[in-house]
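Chemist: from the sequence below, what's the structure:
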Amino acid sequence: MFDLVVHGGDLVDGTGASRRRADLGVVGGRIVAIGDLGQPEAAERIDATGLVVGPGFIDIHSHADLSLLIDPRACSAITQGVTTLVIGNCGHAAAPLVDASTLPDLNFGYHPSVEVSWTGVGGYLDAVARERPAVNVATLAGQIALRLAVLGRAPRPATPAEIERMAALLREALDEGAFGLSSGLEYPLGQASTTDEIVALCREARRMGGYYAIHTRDRDFGSEAAFDEAFAIAAQSDVALNISHLTPRYGAPPGAAARALEKIDAAHARGEDVTCDMHTRLHGLTKLVTALPPEALDGGVEALLARLRDPAIRAEYRAFRQPLFKMGLMGEWERLTLFEARRSPAWVGKDFRTIAEERGQDPMDAIMDILLEAGEDAPNVLWTGLVMTEEDLEETYVSPTCMPESDATALATDGPLADQSFLGAYTWATYYLRRFVRERAALSLEEGIRRMTELPARRLGISDRGVLREGAWADLVVFDPESIAERGTLGAPNQYAVGVHQVVVNGRVALRAGALTSERGGMVLRRGTAPSR
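Modeler: Numbers count the residues shown, from 1 in each chain. Predicted coordinates for the structure are as follows:
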């Protein structure tokens, strides 16, 4: 007697092996039988005839840290076949949290309904578990969170004593289940971090079996030096390295991505453990407040708004060379677009050259006034930059070390997050399979699925997810490879994907015949311990 049988489908098992026709039998949330199972008794049966059955997709780079607490259904992920999210990326994480007022600085998609009941990673993961998420959740410890806990917003290198305090917090985070360390060295709150500081923290991560995910210090003009720093950190600390969203942005030297990938290959030849990931969109997306110096948010949102009303401070901010989107420094404001600003809807979807002209302002003044218009929602105002092409993405995706990722929150078209948007949330996995596997044929279906399943599971160091084999957890996706596609667009992002028929998380059906169910079968994954609901 099985709890669930999936029969008649073409299994793509996550290892890269060719698809084969087989049935799956599930008991107690795990796969217990694979093969021709005949007509066994089962509490539930899924007919996968004519469809592909794969392991549930793993999003190695998510920013759903807070959205899972606000709406744990993670509908935008489930409808794409995603069953596991790895959060705490780019140095941003919900813990450690010494001062609850820093939560908007540390996370995307902040919502005032979040009740902070934690200080450390363990307490945060307990809070996620209490919400019963629909997906599995693993976290990294964020280096920006460590800096805020120890240095506040001080824009300076850490002292040896402060580095040791951060290392102690990191040890605690890893003890409580974090899978490694992430940093966001390009972000205003991460820029002052020195290579030595990061090396010291990475040595702690390596000693405790974690890996290091780096959002590099520069992703355009100085991207090659930033890549060199990433490799140097890994070499000095002997930590397993994952380079986040590797493809350089518009403005990078020609051939920068190819040279970074060659260095990854050379590292592999030396026996080093290096991987990379890349989001599946042509636009970068981040908070509008990153256009301002890091001290702009010192003291919280009300202090930010007061500064933005001060003419002398505004003059200083106009001269700030913002680090993430440098198109403004190049005078190319038309490549930068307001993506989400709930209190300035008339400007959403317009580029900042147009916004500035229509408002009769300098673009930086327009940015500051839009933040003022947002009020307490200022940390959630988002902008995009047109920073790459599909050819740029494909160059990275063909590397056998590259995993696609969302770089997004987890959302839903109804409920408390219905009015939030995040580029990639509804589209990343299905766009990857449609465009780069089916249409551009850059990868076979088997290899494309391996990049979203076995490869990220191996990066995490877990062996019972990301593959279809007896004994593995029954995280499954059943989809039509000929029709799977995203529907969300830059102008209308909040649309569910199509072509995914069934999604199973730990043996429980979260998507049935393309419709979301009420099941929330996800688990909180903690490094070195058994998963928990």
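
Chemist: what is the helix or strand of the chain with the lowest mean pLDDT packed up against?
Modeler: When the helices and strands of the chain are scored by mean pLDDT, DSSP states H and E, helix 103-106 comes last with a mean of 87. Packing partners of helix 103-106 (3 or more Cβ pairs under 8 Å, 6 or more residues apart in numbering; DSSP states H and E): helix 143-151. Every C-beta, even on glycine, is put in place using the N, C-alpha and C of the backbone.

Chemist: average pLDDT for the helix it packs on?
Modeler: What helix 143-151 shows for mean pLDDT is 95.

Chemist: just how off-centre is that helix within its chain?
Modeler: Mean-position distance between helix 143-151 and its chain equals 20 Å (Cα atoms, centre = their mean, to the nearest Å).

Chemist: and if you look at stretch 201-221?
Modeler: On Cα atoms, centre = their mean, the centre of stretch 201-221 falls 15 Å from the chain's centre.

Chemist: now the element after the longest strand along the chain, going C-ward?
Modeler: In terms of residue count, the longest strand belonging to the chain (DSSP state E) is strand 2-11. Next helix or strand after strand 2-11 toward the C-terminus (DSSP states H and E): strand 20-27.

Chemist: which strands border the longest strand of the chain, and is each parallel or antiparallel?
Modeler: When sheet partners are counted by DSSP bridges, strand 2-11 sits next to strand 20-27 (antiparallel), strand 42-47 (parallel), strand 52-55 (parallel).

Chemist: what's in contact with the longest one?
Modeler: Which is strand 20-27. 2-11, 31-37, 40, 42, 53, 468, 474, 476, 504, 507 (Cβ atoms under 8 Å, 6 or more residues apart in numbering).

Chemist: check which residues of that strand are buried.
Modeler: 22-27 (16 or more other Cβ atoms under 10 Å).

Chemist: same thing with the shortest one?
Modeler: Of the residues in strand 52-55, 52-55 count as buried by neighbour count, 16+ other Cβ under 10 Å.

Chemist: same deal with stretch 8-24?
Modeler: 8-16, 19, 22-24.

Chemist: and the spatially most central residue of the chain, helix, strand or coil?
Modeler: Closest to where the C-alpha atoms of the chain average out (Cα atoms, centre = their mean) is residue 62, at 2.1 Å. Following DSSP: H, G, I helix; E, B strand; the rest coil, we place residue 62 in the coil state.

Chemist: now it: closest residue in space, sequence neighbours ignored.
Modeler: Of all residues not flanking residue 62 in the chain, residue 85 sits nearest, at 4.1 Å (Cβ to Cβ, 6 or more residues apart in numbering).

Chemist: what's the answer for residue 198, then?
Modeler: residue 233 (5.3 Å).

Chemist: again, but for residue 227
Modeler: Using Cβ to Cβ, 6+ apart, the nearest residue to residue 227 is residue 260, at 4.6 Å.

Chemist: wasn't that neighbour part of a helix?
Modeler: Yes - residue state for residue 260 (three-state DSSP) corresponds to a helix.

Chemist: that one - how many residues pack around it?
Modeler: Residues contacting residue 260 under the criterion other Cβ atoms under 10 Å number 25.

Chemist: hmm, it is touching residue 252, no?
Modeler: No - between residue 260 and residue 252 no contact is recorded; they are 9.9 Å apart, counting by Cβ atoms under 8 Å.

Chemist: common neighbours of the two, please.
Modeler: Joint contacts of residue 260 and residue 252 (Cβ under 8 Å, 6+ apart) are 223-224.

Chemist: okay, the residue nearest to residue 227: pLDDT?
Modeler: 93.

Chemist: need the contact list for it.
Modeler: Taking Cβ under 8 Å, 6+ apart as the test, what residue 260 contacts is 223-224, 227, 243, 246, 248, 276.

Chemist: same check on residue 415?
Modeler: Per Cβ under 8 Å, 6+ apart, neighbours of residue 415: 71, 73.

Chemist: circling back to that earlier point, dump the buried residues of stretch 8-24 into TSV; add pLDDT and distance to residue 94 as well.
Modeler: Below are these laid out as TSV (pLDDT from 0 to 100; distance: Cβ to Cβ, whole Å):
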residue	pLDDT	distance to residue 94
8	97	42
9	98	37
10	98	39
11	98	37
12	98	34
13	98	34
14	98	29
15	98	34
16	97	34
19	97	39
22	98	40
23	98	40
24	98	35
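
Chemist: which pair of these spans the longest distance?
Modeler: 8 and 16 (22.8 Å; Cβ to Cβ).

Chemist: same for the helix or strand encompassing residue 315, what does it pack against?
Modeler: Here residue 315, judged by DSSP H and E, is contained in helix 311-318. Judged by 3+ Cβ pairs under 8 Å, 6+ apart, helix 311-318 is in contact with helix 301-308, helix 363-374.

Chemist: where does the stretch 351-500 of the chain have low pLDDT?
Modeler: For the stretch 351-500 of the chain, no stretch is flagged by pLDDT under 70.

Chemist: where along it do the strands fall?
Modeler: 382-386, 402-405, 476-479, 500-505 (DSSP state E, counting those that start in this stretch).

Chemist: what pLDDT, on average, does whichever helix or strand residue 137 is part of get?
Modeler: Using DSSP H and E, residue 137 falls within strand 136-139. Averaged over strand 136-139, pLDDT sits at 98.

Chemist: contacting residues around it?
Modeler: 64-65, 68, 83-88, 93, 121, 124-125, 128, 177-179, 460, 465, 475, 505-506, 522-527, 531.

Chemist: you'd agree residue 78 is up against residue 514?
Modeler: No - using Cβ under 8 Å, residue 78 makes no contact with residue 514, being 11.1 Å away.

Chemist: among the two, which residue is more densely surrounded?
Modeler: Per other Cβ under 10 Å, whichever of residue 78 and residue 514 has more neighbours is residue 78, with 27 against 15.

Chemist: and the nearest residue to residue 290 once chain neighbours are set aside, what pLDDT?
Modeler: Distances taken as Cβ to Cβ, 6+ apart put residue 324 closest to residue 290, at 5.1 Å, once the chain neighbours are dropped. Reported pLDDT at residue 324 in the predicted model: 71.

Chemist: repeat that for residue 533.
Modeler: pLDDT at residue 533 comes out at 69.

Chemist: ditto for residue 112
Modeler: 84.

Chemist: ok but it is inside a helix, no?
Modeler: No - the assignment for residue 112 by three-state DSSP gives coil, which leaves it out of any helix.

Chemist: okay, now the spatially closest residue to it that is not a sequence neighbour: neighbour count?
Modeler: In space, and not counting its chain neighbours, residue 112 is closest to residue 376: 7.5 Å by Cβ to Cβ, 6+ apart. Residues lying near residue 376 (other Cβ under 10 Å) number 15.

Chemist: on that earlier part again, what are the phi and psi angles of the residue nearest to residue 198?
Modeler: phi -60, psi -50 (degrees, to the nearest 10).
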